[in-house]
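Participant: sequence first, predicted model second:
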Number of protein chains: 2
Amino acid sequence: MTTKVLPLLEPEAVAACCPPLSERPLTAEEAERTAVMFKALGDPVRLRLFSLVASHEGGEACVCDISDVGVSQPTVSHHLKKLREAGLLSSERRGTWVYYRVEPAVLAAMGQLLTRAAAV
Amino acid sequence: MTTKVLPLLEPEAVAACCPPLSERPLTAEEAERTAVMFKALGDPVRLRLFSLVASHEGGEACVCDISDVGVSQPTVSHHLKKLREAGLLSSERRGTWVYYRVEPAVLAAMGQLLTRAAAV
DNA sequence: ACCTTGGATCGACGTTCGTCAACATAGACA
DNA sequence: TGTCTATGTTGACGAACGTCGATCCAAGGT
């Protein structure tokens, strides 16, 4: 099996990516891109980290605010990177601390993929 | 590390499971349960299989209708089992063929987890 | 300059995952 | 009963994943 290099997912690329899951079958390429996002939320620790950022004021949080999820600091950093690579979070350094933000457009696109699939 | 036995997810259990991701941080248990569903959609082949079922007439399809995704028949069966265990699909044997159906309630719950998280 | 602190990266480890060939099982039909 | 076809199950293998300790880099404070 060949290992494909998946580029970072841009918000607008995701939004324009795919129709609701029930409209038509996803192509192999569409499925490949979309699966990256779902996989990123498919780990309990990442889901908690993401929820911590999303529920923080302004949809933004310093790593120091959210790193108490029961795993080591390198592991937290590793998971945040995965969420960033999937396009679900963006990060920015401001002075001493690094802040993570949710990408609302990507989130909304994933949501519509599912909710509009439910209305058959 | 202890391996937890995750029971099959009932549709109503999922719907009542978790608030939108931005409302409050998920607890460890909530994250554990929810991650199972996202992980199930976190594989390209499973995503295509799911989309094939969801887009088929009536939200229902025979295995024979959807097994052309480029992997062997045992692999298709394996992935369908994963989707069933995650509560996203249900299966029923009718005579010779086995039919898979989407679980709209679970799908809608996952969608709201995301879309309502986007409206911060 | 030096030290401290926040966060990312590296290297290694055990586990889980995706895949297949081989086999098993369940109906339908003769 | 027996045979054919449609699916599920098993066992094995390599790849990917989650985790950690050790290390490194960037910013601030002394």
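Facilitator: Cool, the structure landed.

Participant: by mean pLDDT, flag the weakest helix or strand of chain A.
Facilitator: helix A:11-15 (a mean of 54; mean pLDDT, DSSP states H and E).

Participant: could you point out which element follows that helix?
Facilitator: helix A:28-40 (DSSP states H and E).

Participant: the inter-axis angle of whichever helix or strand comes after that following helix versus helix B:28-40?
Facilitator: Proceeding N to C from helix A:28-40, the next assigned helix or strand is helix A:44-55, under DSSP H and E. Here helix A:44-55 points in a direction 110 degrees away from that of helix B:28-40 (axes from the mean of the first three to the mean of the last three Cα atoms, to 10 degrees).

Participant: which phi and psi does residue A:26 have?
Facilitator: For residue A:26, the backbone dihedrals (degrees, to the nearest 10) come out as phi -70, psi 140.

Participant: identify the residue nearest it in space, chain neighbours excluded?
Facilitator: residue B:51 (4.4 Å; Cβ to Cβ, 6 or more residues apart in numbering or on different chains). No exception for glycine: its C-beta is placed from N, CA and C like everyone else's.

Participant: and the one you found, how many neighbours?
Facilitator: 29 (other Cβ atoms under 10 Å in any protein chain shown).

Participant: what does the one 4 residues further on give?
Facilitator: Around residue B:55 sit 21 other residues, with neighbours defined as other Cβ under 10 Å.

Participant: and residue A:64, that one's in a helix?
Facilitator: Yes - checked against DSSP: H, G, I helix; E, B strand; the rest coil, residue A:64 lies within a helix.

Participant: OK, contacts around residue A:93?
Facilitator: Listed by Cβ atoms under 8 Å, 6 or more residues apart in numbering or on different chains, the contact partners of residue A:93 are residue A:99.

Participant: for chain A, which residues are neighbours of DNA strand D?
Facilitator: Chain A comes close to DNA strand D at residues A:1, A:3, A:39, A:42-43, A:45-46, A:71-75, A:78-79, A:82, A:93, A:95-96, as judged by Cβ under 7 Å from any atom of the strand.

Participant: can I have the buried ones of those as a PyMOL selection?
Facilitator: Filtering those down to the buried ones (16 or more other Cβ atoms under 10 Å in any protein chain shown) takes a single PyMOL command:
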select buried, chain A and resi 39+42+43+45+46+79+82
